[in-house]
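Asker: what follows is a predicted structure for the sequence shown.
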Amino acid sequence: MSSLRTHTDPGPRPFPVTPRLAVALSIGIAAVIAWLALDAPLAKLVPGEGGLRVVRAFFAAALHPALEYESPVPEGTPHILAQALAAARRTVVFAAAGMSVALLLGIVLGFFSTTAWWSGDLAGGTSPLRRAYARSLGPTIWTAARASIVVMRSVHELLWAVLFLAAFGLNTTGAVAAIAIPYGGTLAKIFSEMIEESPRDAAHALRAAGAGPLQVFVFGLVPRAGPDLAAYSFYRFECAVRSAAVLGFFGFPTLGYAIAQSFENLHYAEVWTYLYALILLVVLLELWSGALRRRFVA
Amino acid sequence: MKPSARPLSKSVSCADPDAWKRARPGSAAFELHGAGVVFSRRTALTEASLVVDPGEALALVGPSGAGKTTLLRLLNASHVPTSGTVCVDYRRLDLLPPKELRAVRARIGFVHQDLALVPNYRVLQNVIAGSLGRLGFAGGVRAMLFPTRVEIERAAVILERVGIAAKLYQRTDSLSGGERQRVALARALYQEPSALLLDEPVSSVDPARARDMVELVTAISRERGITLVVSIHDIGLARDHFPRLVGLRAGRIVFDGPTATIATSDLSALYSLEGLARVEPAHAH
């Protein structure tokens, strides 16, 4: 009967709006509402006469970054290249300090926010004590770890920096903490996900050979995710270098500080010198981490 | 086909509370009494009773899905039976405190079908991981990161015995399938086990290598007096190398006895698809 109908009469069609169409339509409507609410006419994207001049001057300077300061500097000021190098070094130091603490936080919180250490057969044991532990203490710690990760991650490093500036003033520890907290949260989240998703065959084998839960976790589970964990940590270190540079805009002595100063003085060529230093830094890190990845992962 | 031709050993049994005192340190004894395993939607093993005496070598034969792996995993306490009991060295596993259960597991070497090695470890680390069950956490970290000369030598001796002495410091994932299988065997031997359990050692390598592997494990367990239980679906290989065969089909033990006494018809019936469908339609997969 139905085959007959397809030839002659398609029959009563259901309501024409399928779920998929409904989703597509609502996205479209939401876009229009957002556009109107934002009040963002395209005309505002076209710069005015003065704006154009600044843009042109800025990008023209990209071709000839400053090799000397563009205005007289006090006696004893180091050469601009030395200055850029020193700022780059401080940027790396800030990033490395922040990342070191973040790694520690990431490893500890990452461990506690996996389920492998307290639930399921990897944690092992069916004794009443074990079961009680898997029902109460385990989930409690797990939830606490997850919650603190969310708090750490949901506040951006620049906001943490503002917070610490207000609380402690311009102080290196504050800058390091501003990087370490959100990065530690992100590392913990990603670490725990990578560990949960890594193959568990070796972990089960160690468990079967009598290894304890912590041994199983450290030697059976984590190594399977090891290359991914390392690669992701390197990537986050690159991000930390950029974050440390931007923290300079708040007055910390990184590349951002030098960039902000030159920019305020309209010394675009100097800005480009520092920008190139930053780019060079990121490229070098990329090459280094790439080489390490090839050595350990491939 | 008669179920379980071999009567349960009357001389020593874990029903006797003092029997464990007679356990031999170097070779384990196993007993299953009416053991069943039901996973959430599937019966893997039904009413399995089996006695394995210290130092015995036997093969579990049967088609895939017959319950061979489940039975092996009962023996090393990876699975807890849904019904019935499992004894190792005349002690009921369900009555052991966690610490002693760990100790039991540490003395049973298991070579998994998928080998379950850590591919990015060096061979040495994978082998030394076999000793984690005997070490505490700190001791384990020390052994894995800073193995002593003695530990390295022990690992080297075992690797030489299994025929891959030169691979000690190679990354495990750079080895061939057959070599990796030997690493898994070396890890099990590094446990200084009183029993070796092998799950389908034949499936991951070609037939010639499979024969070598079976010859190797039977020789090693004979020279060390280790109890050996191997699951294997290649009947020929099982007949040639094991004095006792246990046939499984659709989760039940269908024969058990000295290899010479098992009729060829029993063996072929094990694999006939027709019978399988008739016996346990719900469990065939």
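Answerer: Looks like it arrived, so ask away. Numbers count the residues shown, from 1 in each chain, chains lettered A, B, ... in the order given.
Asker: which parts of the chain belong to which domain?
Answerer: Going with chain A. Domain ranges of chain A: A:2-44, A:63-296, per automatic domain parsing.
Asker: look at chain B instead
Answerer: Following the assignment in automatic domain parsing, chain B carries domains at B:1-107+B:195-285, B:116-192.
Asker: same list, those, but as JSON lines with distance to chain A and mean pLDDT please.
Answerer: Bear in mind the C-beta positions are built from the backbone N, C-alpha and C, glycine included. Formatted as JSON lines, the domains of chain B follow (distance: least, CB to the nearest CB, whole Å; pLDDT from 0 to 100):
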{"stretch": "domain B:1-107+B:195-285", "distance to chain A": "3", "mean pLDDT": "83"}
{"stretch": "domain B:116-192", "distance to chain A": "3", "mean pLDDT": "93"}
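Asker: pipe these into CSV and attach mean neighbour count per row.
Answerer: Below are the domains of chain B laid out as CSV (neighbours: other CB atoms under 10 Å in any protein chain shown):
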stretch, mean neighbour count
domain B:1-107+B:195-285, 18
domain B:116-192, 19
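Asker: just to revisit the earlier point, same list, the domains of chain A, but as a markdown table with mean pLDDT and mean neighbour count please.
Answerer: Below are the domains of chain A laid out as a markdown table (pLDDT from 0 to 100; neighbours: other CB atoms under 10 Å in any protein chain shown):
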| stretch | mean pLDDT | mean neighbour count |
| --- | --- | --- |
| domain A:2-44 | 74 | 8 |
| domain A:63-296 | 88 | 18 |
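Asker: now distance to residue B:229 too, for these, in TSV please.
Answerer: Output for the domains of chain A, formatted as TSV (distance: least, CB to CB, whole Å):
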stretch	distance to residue B:229
domain A:2-44	55
domain A:63-296	14
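Asker: which other residues reach stretch B:242-250?
Answerer: Residues outside stretch B:242-250 that contact it (CB atoms under 8 Å, 6 or more residues apart in numbering or on different chains): B:50, B:56-63, B:65-68, B:71, B:218, B:230, B:238-239, B:253-259, B:262, B:266-267, B:270, B:276, B:279-280, B:283-284.
Asker: then stretch B:144-160?
Answerer: A:219, B:123-125, B:127-129, B:131-132, B:143, B:165, B:167-168, B:182-183, B:186, B:189-190.
Asker: what's the longest helix in the chain?
Answerer: Just going to use chain A. Longest helix of chain A, by residue count under DSSP state H: helix A:80-112.
Asker: the chain in question should be chain B.
Answerer: helix B:207-224.
Asker: which is the succeeding secondary structure element to that helix?
Answerer: Using DSSP states H and E, the helix or strand that follows helix B:207-224 in sequence is strand B:227-232.
Asker: other SSEs contacting that following strand?
Answerer: strand B:57-61, helix B:68-75, strand B:195-199, helix B:207-224 (3 or more CB pairs under 8 Å, 6 or more residues apart in numbering or on different chains; DSSP states H and E).
Asker: quick one: distance of the first one to the chain centre.
Answerer: Which is strand B:57-61. Computed by CA atoms, centre = their mean, to the nearest Å, the chain-centroid distance of strand B:57-61 equals 9 Å.
Asker: can you check the third one too?
Answerer: Between the mean C-alpha location of strand B:195-199 and the chain-wide mean there is a distance of 2 Å, by CA atoms, centre = their mean.
Asker: for that strand, name the packing helices and strands.
Answerer: Under the contact rule (3+ CB pairs under 8 Å, 6+ apart), strand B:195-199 is packed against helix B:68-75, strand B:108-111, helix B:177-190, helix B:207-224, strand B:227-232.
Asker: for residue A:282, see how far away whichever residue of chain A sits closest to chain B is.
Answerer: Of all residues in chain A, residue A:210 sits closest to chain B, at 2.5 Å by CB to the nearest CB. To residue A:282, residue A:210 is 47 Å away according to CB to CB, to the nearest Å.
Asker: likewise for residue B:97?
Answerer: Distance from residue B:97 to residue A:282, by CB to CB: 56 Å.
Asker: picking up where we left off before, mind listing which of the contacts of stretch B:144-160 are in helices?
Answerer: B:123-125, B:127-128, B:143, B:182-183, B:186, B:189-190.
Asker: with adjacent residues omitted, what lies nearest to residue A:232?
Answerer: With CB to CB, 6 or more residues apart in numbering or on different chains as the criterion, residue A:232 has its nearest non-adjacent residue at 5.6 Å, and that residue is residue A:190.
Asker: just residue A:260 next, same as before
Answerer: Residue nearest to residue A:260 in three dimensions, not counting chain neighbours: residue A:249, with 5.0 Å by CB to CB, 6+ apart.
Asker: what residues are up against the one you found?
Answerer: Residue A:249 sits in contact with A:256-257, A:259-260, where contact means CB under 8 Å, 6+ apart.
Asker: looking at these, which is nearest residue A:57?
Answerer: Checking these against residue A:57 by CB to CB gives residue A:259 as the nearest, at 15.8 Å.
Asker: helix or strand for that closest one, which one?
Answerer: Element membership for residue A:259, per DSSP H and E: helix A:255-264.
Asker: only C-alpha atoms, please: export stretch B:157-165 in PDB.
Answerer: C-alpha atoms of stretch B:157-165 as PDB (Å, rounded to 0.1, in the frame of the first residue of the first chain):
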ATOM      1  CA  VAL B 157      68.400 -14.000  32.100                       C
ATOM      2  CA  ILE B 158      64.700 -14.400  31.600                       C
ATOM      3  CA  LEU B 159      64.800 -12.600  28.200                       C
ATOM      4  CA  GLU B 160      67.600 -14.900  27.100                       C
ATOM      5  CA  ARG B 161      65.500 -17.900  28.100                       C
ATOM      6  CA  VAL B 162      62.500 -16.700  26.100                       C
ATOM      7  CA  GLY B 163      64.900 -16.000  23.200                       C
ATOM      8  CA  ILE B 164      65.000 -12.200  22.900                       C
ATOM      9  CA  ALA B 165      68.100 -11.400  25.000                       C
END
